[in-house]
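>>> for reference, the sequence and a predicted model appear below.
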Amino acid sequence: MRGVRLRTSFKLPLVLLVIVMLASIGAVCAVAVAQTTPQRPFARVVEEWTTALDRAAQELAAPEISPARAQALQRRLRGIEAEARAIKADATAALAPLRSQLEALGPPPAEGDQPEAPEIAAERQRILQDITDYESRIKQADLAIARVKEISDQIAARTLQQSLDRLFRKFPSPLAPHTLKVAVPELVEIVGLLAGAPVEWWQGLSPEQRWRGLPYRLGALVLFALVVGWGGRWALLHWFGRTAAIERPSYARRLTGAVAHGLAQGLIPALIFGIILYGTTVPSNLLNGLFARMVAALSTVLILIVLAWAIPRAVLAPDWPAWRLLPISSTHARMITRRITFLAVVFGVDLFFALASANLVLSDALISLYTLITKVLEAAAILALLDVRLWQWEEEEKGPAAEAAPTPPGGEAPRRMRVSYWSMLRRLVGVAAIAAVIMAAIGYPNLSRYVIQNLLLSGLAVGVLFLIRGVIRELIGMALRARFVQVQLGLPHKIRSRYKFWLRVLLDFVVHVAGLVVILIIWGVPAETIAVWAADALQEIRIGNVTISLVDILVAVAVFTLVLILTRALQRMLAEQVFPHTDLDIGVRNSLSAGLGYV
């Protein structure tokens, strides 16, 4: 039994030791590979940098630069900056030993003194030349980094200006009589063109394509939908779905049920429509022309509507009060899900016409009138969802009987969300929705569409991140409750609670940062610009003449944490497995353990 306990207690230190050894071997191998990898001459590297930067500057002199080209230039600039920083870091690291060697040689002989030995003079000259070369590399790299930043800022400014010009382009007023006179007949013509596209496509098929190729493909698709859709739906709901047998499910079980219902009712149908959407892009498919664009647009819209219908119902569970993830009443849950579905349908119709008519030439009058109609409906749906009465937190319901029971006298009334942050955000979203309608009414449809669509996409992103956060929080709790953590690692409840708290704090930080990045991208900030900001913040923060690198700080913290964990494991091994088999008194044992910690 003692041997068994000995092997078990040695697991953690042994695992940590193996990890450290593997990391060391990996670092040595990486250095060896880096030393044997052939590199370009530095003069050629500088020449390539200069050529690429000059070309980018020339392209900026053009009257307009496309968003795709701007992104390509930003990627090229990031590559140059990364290479320059790597060369600068290598040169800086190489300077330290050279200066130490030069210091070891001592100062050169003064004028009139006895000259130093020829081999010493040659070595001094070689070291000085190497120092000069590396300092030159650092200056060239700094120059390249400065030019990259300058050109990158110019590209960002040019892209921003072009976006603002497009958003603030003035269209005819949608309520003007002339606009209605032009837009209404054109809208009727466009609807007729879209309605006739399926007939035109069908008439363009040969008899063989109509009765031989098409039925087989449609039959195979329907069969696949039935097998995957219904089979997967039954399996998810049977194994992980909600059940009336559990009257008070835990949050983890409610979350599992919500995920199962969301997948069964939303994701699987969305995947089927996604297969149809993918089929429209295959070169060998029978779809073509306007009808192909309509099928692709309809598949995209149906995916959106199905997910917007299924996910809120999975989270709010209008018919399953005990399984609801948010403490709101069933009445409000039904109202929220219906309004979200209505918003998704309106937005889906708007998206369908936008995608289907992408290659059609539309007049400014039609764009202005159509945008006003759709944005009024979408803004109304957004404002309906922002009703503060819908978001009243209530005590967790215990079942149908609990819902029917009135609130006892003196009982706690429903608690509204008291967090001022969310209240302020709700007001800002409402103001933005109303402003979007006003923008469309006075002839700025691009700006109105930009505001409404980004509000909807931001709300979708926040909802997805909320679900991901809930899942990961539960996984953290489950991991720290695992037998391996309690028995093998020997972590008591207090320590595990502390770890759970800080891991969840870290998770919240990551989710908030990820949400901020996603929302910035949704609202039009290029991902390349965000990457540049992040690189500048992580690699170099200049305060006067001092440069701080957050990456270096994080690496140092990680190394310190790893060493601390390894030290604590070794101290525990000494205290539990080594010292009990010695005759050392308690004072010597404590001194040795403390000394190991100091080392």
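Here it is on my side, so go on. Residues are numbered from 1 along each chain as shown.
>>> could you use CA atoms for every contact and neighbour count after this?
OK.
>>> now do stretch 84-101: distance to the chain's middle.
Relative to the chain's own centre, stretch 84-101 is displaced by 36 Å; criterion: C-alpha atoms, centre = their mean, to the nearest Å.
>>> for stretch 108-122, same thing?
Taking C-alpha atoms, centre = their mean, one finds the center of stretch 108-122 at 62 Å from the center of the full chain.
>>> that one: which residues count as buried?
In terms of neighbour count (16 or more other C-alpha atoms under 10 Å), stretch 108-122 has no buried residues at all.
>>> so is the residue sitting furthest away from the middle of the chain in a helix, a strand, or just coil?
The C-alpha centroid of the chain is most remote from G112, which lies 69.0 Å away (C-alpha atoms, centre = their mean). Following DSSP: H, G, I helix; E, B strand; the rest coil, G112 is assigned to coil.
>>> phi and psi next, for it.
phi 90, psi -20 (degrees, to the nearest 10).
>>> wait, what's in contact with it?
Under the criterion of C-alpha atoms under 8 Å, 6 or more residues apart in numbering, G112 has no neighbours.
>>> equivalent analysis for L506, please.
Residues counted as contacts of L506 (C-alpha under 8 Å, 6+ apart): none.
>>> and the closest residue to K88 other than its chain neighbours, how close does it get to A86?
Counting by C-alpha to C-alpha, 6 or more residues apart in numbering, the nearest residue to K88 once its immediate chain neighbours are dropped is I138, at 5.0 Å. Distance of I138 to A86, computed by C-alpha to C-alpha, to the nearest Å: 10 Å.
>>> neighbour count winner among the two?
Remark: of I138 and A86, I138 carries more neighbours, 20 against 13, as counted by other C-alpha atoms under 10 Å.
>>> any idea which element the more buried one lies in?
helix 118-167 (DSSP states H and E).
>>> and P174, by the same measure?
Using DSSP H and E, P174 falls outside every helix and strand.
>>> that one: how many residues sit nearby?
26.
>>> phi, psi for it please.
phi -70, psi -20.
>>> got a list of what the nearest residue to it once chain neighbours are set aside touches?
Distances taken as C-alpha to C-alpha, 6+ apart place L369 nearest to P174, at 4.6 Å, with adjacent residues excluded. Taking C-alpha under 8 Å, 6+ apart, we find L369 in contact with 173-175, 179-180, 183.
>>> just the buried ones from these?
173-174, 179-180, 183.
>>> rounded mean pLDDT for the host helix or strand of L369, please.
Assessed by DSSP H and E, L369 sits inside helix 364-385. Averaging pLDDT along helix 364-385 gives 94.
>>> so which bits of that helix are buried?
364-372, 374-376, 378-385.
>>> ditto for stretch 51-64
Quick answer for stretch 51-64 (16+ other C-alpha under 10 Å): 52-53, 56-57, 59-60.
>>> can you check stretch 344-355 too?
Buried residues in stretch 344-355 (16+ other C-alpha under 10 Å): 344-353, 355.
>>> ditto for stretch 327-334
327-330, 332-334.
>>> equivalent analysis for stretch 303-323, please.
For stretch 303-323, by 16+ other C-alpha under 10 Å, it's 303-318, 320-323.
>>> quick one: which of these sit in helices?
The helices, defined by DSSP state H, take in 303-316 from the buried residues of stretch 303-323.
>>> excluding sequence neighbours, find me the nearest residue to A296.
Closest to A296 by C-alpha to C-alpha, 6+ apart is L277, at 5.2 Å.
>>> just the residues contacting the strand or helix carrying that neighbour, thanks.
Using DSSP H and E, L277 sits in helix 268-279. The contact list for helix 268-279 (C-alpha under 8 Å, 6+ apart) reads 225, 228-229, 232-233, 285, 295-296, 299-300, 302-304, 306-307.
>>> please indicate which of these are buried?
By neighbour count, with 16+ other C-alpha under 10 Å, the contacts of helix 268-279 hold 225, 229, 233, 295-296, 299-300, 302-304, 306-307 as buried.
>>> for L475, give its distance to L277.
L475 is 34 Å from L277, by C-alpha to C-alpha.
>>> which one of the two has more residues nearby?
L277 (20 against 13).
>>> mind listing what L194 touches?
290-291, 294.
>>> pLDDT at it, what is it?
90.
>>> ok, residues contacting stretch 86-96?
By C-alpha under 8 Å, 6+ apart, the list of residues contacting stretch 86-96 from outside reads 131, 134-135, 137-138, 141-142.
>>> burial count for I442?
17.
>>> and it, its phi and psi?
According to degrees, to the nearest 10, I442 has phi -100, psi 10.
>>> OK, contacts around it?
173-174.
>>> change it to 10 Å
Listed by C-alpha atoms under 10 Å, 6 or more residues apart in numbering, the contact set of I442 reads 170-176, 368, 372.
>>> relative to T256, which of those residues is nearest.
L372 (41.5 Å; C-alpha to C-alpha).
>>> contacting residues for the closest one?
173-175, 366, 378, 436-445, 448-449.
>>> how about 6 Å then?
The contact partners of L372, by C-alpha atoms under 6 Å, 6 or more residues apart in numbering, come to A440.
>>> if I look at it, how far off is A435?
12 Å.
>>> quick one, helices of the stretch 351-500 of the chain?
Using DSSP state H, counting those that start in this stretch, the helices of the stretch 351-500 of the chain run over 364-385, 400-404, 420-441, 445-480, 483, 493-522.
>>> quick one: end-to-end distance for stretch 487-501.
Termini of stretch 487-501 sit 20 Å apart (C-alpha to C-alpha).
>>> buried sites along it?
In stretch 487-501, counting by 16+ other C-alpha under 10 Å, buried: 496, 499-500.
>>> any chance of the residues you listed in CSV, plus pLDDT?
Output for these, formatted as CSV (pLDDT from 0 to 100):
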residue, pLDDT
R496, 85
Y499, 85
K500, 88
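>>> re earlier: which of the buried ones among the contacts of helix 268-279 lies closest to V578?
Nearest member of the buried ones among the contacts of helix 268-279 to V578, counting by C-alpha to C-alpha, is R233, at 57.1 Å.
>>> perfect, I'm done here.
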